[in-house]
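Asks: how would this look folded up:
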Amino acid sequence: MAAEERVLTFLQQQNRPYNAQGVADHLAQYGVKKTQAQKALDTLSEANTIVCKEFGKTKIYMAVQDDGDDLTKEELEALQQQTAQLAEKLQSVGSNVQRAQKELKDLQCSLTAEQIQSRIQELKAQWEEANAKLATLKSSTKLVTAAERSAVEKAFAEAMDHWAKRKRMFRSIWDQVSENIDQNVKELWEEIGVESDEVADVDLAQMQQLLPKRTRR
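Replies: Numbering: from 1, shown residues only. From the prediction side, this is the model:
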């Protein structure tokens, strides 16, 4: 028996409204899936073989009533009310299913109690290892005395002074001897072996910033 014939027979026998999922659930034993049930219901509805009522996104289907069994106004209103209640119930169930699926997904993404405990132990071990390394560094590191630091700062300051003086001396001499030289200065310095700060990739001003404030000039 074709799916359309099974669906039509089922609705006529039951003589009550159903949605596609309800029809598929009852006819699953005959191999009718929801997509087949929906297609059959749409085909039968378009052919006016059955009645389709839409409530929002929900579609409710029922068999066409025989002319000899016309419903009274009260019966029709009761049937419509029953259909509306069923549609509302279906929407509520659908919302509950979506909410339950979201909660299940959230739970699946969450850590179990065992996983949390394992993570705590792992982090504790990492902290203990880092703490042990820090203790080793503290015990093996030789601190610089104030006198040693002062001596280094003094030597550095003297070196900066010599650098600045030699640079001024060279610039003064060079300005005098290079007045009538047309050759590119950079090329000439390279030929005679002059190593400028730029060639050495150093900057006196930046280096002087490293001097202690009390010794800066």
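Asks: leaving out chain neighbours, which residue sits closest to Lys33?
Replies: Ala24 (6.2 Å; CB to CB, 6 or more residues apart in numbering). C-beta: built from backbone N, CA, C; applies to glycine.
Asks: may I see the buried residues of stretch 19-39?
Replies: 19-20, 22-24, 26-27, 32, 34, 36-38 (16 or more other CB atoms under 10 Å).
Asks: rewinding a little: distance-wise, check the residue nearest to Lys33 relative to Arg6.
Replies: From Ala24 across to Arg6, the span is 11 Å (CB to CB, to the nearest Å).
Asks: between the two, which contacts overlap?
Replies: With contacts taken as CB atoms under 8 Å, 6 or more residues apart in numbering, the residues that reach both Ala24 and Arg6 are Val32.
Asks: nearest to Leu123 among the buried residues of stretch 19-39?
Replies: Using CB to CB, Lys34 comes nearest to Leu123 of these, at 47.9 Å.
Asks: give me the element the nearest residue to the closest one once chain neighbours are set aside is part of.
Replies: Closest residue in space to Lys34, ignoring its immediate chain neighbours: Ala24 at 4.1 Å, by CB to CB, 6+ apart. In this structure, Ala24 sits in helix 20-27 according to DSSP states H and E.
Asks: can you name the element that comes right after that helix?
Replies: Helix 20-27 is succeeded, C-terminally, by helix 34-46 (DSSP H and E).
Asks: in this structure, where is pLDDT below threshold?
Replies: Within the chain, the stretches with pLDDT under 70 are 1, 65-71, 107-108, 111, 140-143, 213-217.
Asks: quick one, helices of it?
Replies: Secondary structure of the chain (DSSP state H): helices at 3-14, 20-27, 34-46, 73-109, 113-140, 146-177, 185-192, 197-200, 204-208.
Asks: any chance of those helices in a markdown table, with distance to Phe55 too?
Replies: As requested, those are exported to a markdown table (distance: least, CB to CB, whole Å):
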| stretch | distance to Phe55 |
| --- | --- |
| helix 3-14 | 18 |
| helix 20-27 | 13 |
| helix 34-46 | 15 |
| helix 73-109 | 4 |
| helix 113-140 | 44 |
| helix 146-177 | 84 |
| helix 185-192 | 86 |
| helix 197-200 | 82 |
| helix 204-208 | 77 |
